[in-house]
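1. okay, predicted coordinates and the sequence, questions at the end:
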Amino acid sequence: MGYDAKFRVWRGDLDGGELHDFTVAVNEGEVVLDIIHRLQATQAPDLAVRWNCKAGKCGSCSAEVNGRPRLLCMTRMSTFTEADVITVTPMRTFPVIKDLVTDVSFNYQKAREIPSFTPPADLKPGDYRMKQIDVERSQEFRKCIECFLCQDTCHVVRDHEENKTSFAGPRFLMRIAELEMHPLDVADRRDLAQDEQGLGLCNITKCCTEVCPEHIKITDNALIPMKERVADHKYDPLVWLGNKLFRR
Ligand code: SF4
Ligand code: F3S
Ligand code: FES
């Protein structure tokens, strides 16, 4: 059964903006992105929204619904009552380009700062062998669709622009952890994680894990094991003594 829903949608650009009220038709089975598209078609033809697959797989339609980081295409209207006012705003952590579209280039910059997979120099293609358990660990992390909702929600950068230079965010700390735990990767990524990409700023609040649409256990399976590896390395008495003696 259809009904008319009340929507508040943020409109503006980097110079400022405000919430606009709309009343818009909703049909059974629709998601928030359907309603935004109907707004474009009927009332606000220049409303900017980024989307692509409408299937929760491209990671483009990230925004905030009632203040919570969400994929617009995976947020069912049936999760709200007909009386609810539904507020749609752009991701808060990234600069707005227009309306619901943000500039997520921070994330591409962080991705570039992580050295790529580094197998042993003498290992030839076809000779790569690894245990199934290691394959499965990487596969979980590789489900990431780069929606950047975890990056958006993490309090370390959400309201702290000044932390952005020194914090890669959960998605990219997870990438470092994936490679650090990869049995065929020979690069040591522990100092990179701790000293350059801000692993120590993560205080395992797990908000990133809560918003991940792929249900990746970012905190438990990537960030905490990475913290353990850093602690073993930095606070191992033999490593400490070696550093004292040989790295003066
Ligand atoms: Fe999105 Fe999850 Fe990937 Fe973060 S880890 S970018 S929330 S899919
Ligand atoms: Fe941020 Fe996730 Fe850590 S939300 S504080 S990266 S557990
Ligand atoms: Fe692709 Fe929503 S449009 S994830």
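-> Structure's in. What do you need? Residues are numbered from 1 along each chain as shown. Ligands and ions are numbered 1, 2, ... in the order given.

2. which residue ranges form the strands in this structure?
-> Here the chain has its strands, by DSSP state E, at 3-13, 16-26, 62-65, 68-71, 85-89, 96-98, 101-102.

3. with mean pLDDT and distance to residue 49 added, can I get these in JSON lines?
-> All C-beta spots, glycine's among them, are computed from the backbone N, C-alpha and C. Converted to JSON lines, the strands of the chain look like this (pLDDT from 0 to 100; distance: least, Cβ to Cβ, whole Å):
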{"stretch": "strand 3-13", "mean pLDDT": "98", "distance to residue 49": "9"}
{"stretch": "strand 16-26", "mean pLDDT": "98", "distance to residue 49": "13"}
{"stretch": "strand 62-65", "mean pLDDT": "98", "distance to residue 49": "8"}
{"stretch": "strand 68-71", "mean pLDDT": "98", "distance to residue 49": "12"}
{"stretch": "strand 85-89", "mean pLDDT": "98", "distance to residue 49": "9"}
{"stretch": "strand 96-98", "mean pLDDT": "98", "distance to residue 49": "9"}
{"stretch": "strand 101-102", "mean pLDDT": "98", "distance to residue 49": "7"}
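
4. could you pull out the helices for this structure?
-> Listed in chain order, the helices of the chain (DSSP state H) span 32-42, 105-112, 132-141, 149-153, 155-158, 170-180, 190-191, 207-211, 224-235, 237-246.

5. deepest in the core, which of these is it.
-> Mean neighbour count, computed with mean count of other Cβ atoms under 10 Å, is highest for helix 149-153 among the helices of the chain, reaching a mean of 27.

6. give me the mean pLDDT for that one.
-> Model confidence over helix 149-153, given as mean pLDDT, is 98.

7. residues of this protein that sit close to ligand 3?
-> 51-54, 56-61, 71, 73 (Cβ under 6 Å from any ligand atom).
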